[in-house]
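A.B. asks: Got a predicted structure plus its sequence, pasted below:
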Amino acid sequence: MPAYDTNNIFAKILRGELPCYKVYEDEHVLAFLDIMPRSPGHTLVIPKAPARNIFDISPDDYVHVARATHRISAAAMKAFNADGLTVQQHNEPASGQVVFHLHIHIMPRHHGVSLLPPASRKEDAKVLEDNAAKLIAALG
Ligand code: AMP
């Protein structure tokens, strides 16, 4: 497996070199909206620790990501009035991973509505701002 690349997009977001629609942050993790959402409210949870994917993250760091995913999933159900929610995490290109800093996808779902294919369209800034505000409010 290739080594962790410190110039990946999410590493730049963590360093504040690129913006994001932040919804949650603590000592160990950052969560922000996917700018090409596959469903309304599509959120990404990433560790602050540098990890390419599940194969090089420490178990403890993975637990921090899982805890945040658990909490944000409950809030996302409320914020987006969802009927269900898909949690997904890709490891290496064969699985669909395109950004090589571990991230968990949280995708609120509604009955009868399919996920859009990955990277279908960039969402409007206003929609992302509104969705981030909704999720932040639901996180309390
Ligand atoms: P994956 O296929 O699991 O590697 O997913 C990468 C995800 O990152 C995709 O859903 C992209 O839409 C998303 N993405 C790419 N660039 C950004 C960015 N600058 N901010 C937020 N999400 C992004």
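C.D. replies: On my side now, so go ahead. Numbers count the residues shown, from 1 in each chain.

A.B. asks: For burial, what's the neighbour tally of T86?
C.D. replies: Residues near T86, counting by other Cβ atoms under 10 Å, number 15. No exception for glycine: its C-beta is placed from N, CA and C like everyone else's.

A.B. asks: now do the one 10 residues further on
C.D. replies: Here the number of neighbours of G96 (other Cβ under 10 Å) works out to 10.

A.B. asks: which ones are touching the closest residue in space to it that isn't next to it in sequence?
C.D. replies: Once flanking residues are discounted, G96 sits nearest to H90: 4.5 Å by Cβ to Cβ, 6 or more residues apart in numbering. Counting by Cβ atoms under 8 Å, 6 or more residues apart in numbering, H90 makes contact with 53, 96-98.

A.B. asks: Assign H90 to helix, strand or coil.
C.D. replies: Following DSSP: H, G, I helix; E, B strand; the rest coil, the label given to H90 is coil.

A.B. asks: I'd like the distance between it and H103.
C.D. replies: Separation of H90 from H103 (Cβ to Cβ, to the nearest Å): 8 Å.

A.B. asks: so what does the helix ranked longest in the chain touch, helix or strand wise?
C.D. replies: Longest helix of the chain, by residue count under DSSP state H: helix 59-79. Applying 3 or more Cβ pairs under 8 Å, 6 or more residues apart in numbering; DSSP states H and E, we find helix 59-79 packed against strand 22-25, strand 29-33, strand 43-47, strand 84-88, strand 104-109, helix 125-139.
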